[in-house]
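Asker: next comes the sequence, and after it the predicted model I'd like to discuss.
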Amino acid sequence: MKLHFTKMHGCGNDYIYLDQRGGLRDDIPELARRLSRRHLSIGADGVICISAPVTLGADARMEMFNADGSRGVMCGNGIRCVAQWLRDHGCEKEVLHIDTDDGVKLLRWQGDGRWQVEMGKARFLPEQIPCRGLGDGPVVGRTLNVDGKDWTVTCVSMGNPHCVTRVDNVDDLALEKIGPSFEHHAAFPDRVNTEFIQVLNPTRLRMRVWERGSGETLACGTGTCAAVAAMCALGVCEKGTNVQVQLRGGTLTICVTDEGILMTGPAETAYEGDVEV
């Protein structure tokens, strides 16, 4: 049996998109593991299913699965691609409402393949992230020991858990060695995405990211939002100001406001095809 797919990416954060509006297949986790393998299959950071909405008035539902088959909650780059997929398939609304496991997200068409997403508010409390052993109250500027080294971290939930830390130069990181140690650290019962931030100035950051279930990716939308929210909490960046975050796959624009976080960036189609399943 052949399964039609669309390969899309936001700043290099690539997923295999499946139209599942008729009902979600039971074997999606296994398909995510098999189809996401680099060099041996289609290759991607995971699979995102475009499903029927569950909220009255929503246009679709996004269901994401990481490359290891685990289910994700929210994907900022992925939801922009879902919006673009819907637009490419006949839904030419200027504003879309898309269901996610972190609630309904509102997206606005910016033209030229770009979308702005209302990502909701950053959450800093331990029980919201979740994390443990890092003290009470907002987890901002705390010390986390990873493999014998102390890191100053700020932990954030954007619907999924993030651990943000500042470094002098992101190019100097051996991310394939330290990334798994952060992801599986005992402080994070649900594992964690980790963002390593180099501050160029208050409106320009560089970032590398290790995503739980996928490893290093070229971009992470929720991680970029978490990173800017963390830098605002630390007094490095200012609320209400557009911050350009340079990732290995491109640049996202993030603005933290009292109402929530706005993320603006591209959504691109790489190719479509059919795969034997």
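Answerer: The structure has been received and is ready for your questions.

Asker: let's verify residue 86: helix, strand, or coil?
Answerer: Secondary structure assignment for residue 86 (DSSP: H, G, I helix; E, B strand; the rest coil): helix.

Asker: that one reaches residue 107, doesn't it?
Answerer: No: the pair residue 86 and residue 107 does not pass the contact test of Cβ atoms under 8 Å, sitting 9.4 Å apart. Where you see a C-beta, it was placed from the backbone N, CA and C, and this is true even at glycine.

Asker: what do those two both touch?
Answerer: residue 96 (Cβ atoms under 8 Å, 6 or more residues apart in numbering).

Asker: the more surrounded of the two?
Answerer: Neighbour tally, residue 86 and residue 107, criterion other Cβ atoms under 10 Å: the higher count belongs to residue 107, 25 against 18.

Asker: tell me the contacts of that one?
Answerer: The contact partners of residue 107, taken as Cβ under 8 Å, 6+ apart, are 79-80, 83, 95-98, 115-118.

Asker: and if we set it to 7 Å?
Answerer: By Cβ atoms under 7 Å, 6 or more residues apart in numbering, the residues touching residue 107 are 79-80, 83, 96, 98, 115-117.

Asker: now for those residues: which two are most distant?
Answerer: With distance counted by Cβ to Cβ, no two of the contacts of residue 107 lie farther apart than 98 and 116, which are 13.0 Å apart.

Asker: which one's more surrounded, the two?
Answerer: residue 98 (22 against 19).

Asker: so who does the more buried one touch?
Answerer: 58-62, 79, 82-83, 104-105, 107.

Asker: so which bits of the helix or strand where it lies are buried?
Answerer: With the criterion set as DSSP states H and E, the secondary-structure element containing residue 98 is strand 95-100. Going by neighbour count (16 or more other Cβ atoms under 10 Å), the buried part of strand 95-100 is 96-100.

Asker: returning to what we had before: dump the contacts of residue 107 into TSV; add secondary structure as well.
Answerer: Output for these, formatted as TSV (three-state DSSP):
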residue	secondary structure
79	helix
80	helix
83	helix
96	strand
98	strand
115	strand
116	strand
117	strand
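
Asker: what is the nearest of those residues to residue 54?
Answerer: Proximity of these to residue 54 was ranked by Cβ to Cβ; the top entry is residue 98 with 11.0 Å.

Asker: give the bridge partners for that closest one, please.
Answerer: With DSSP bridges as the criterion, residue 98 is bridged to residue 60, residue 105.

Asker: relative to residue 62, how far out is it?
Answerer: When distances are taken as Cβ to Cβ, to the nearest Å, residue 98 and residue 62 turn out to be 6 Å apart.

Asker: can you check residue 132 too?
Answerer: When distance is defined by Cβ to Cβ, residue 132 is 29 Å away from residue 62.
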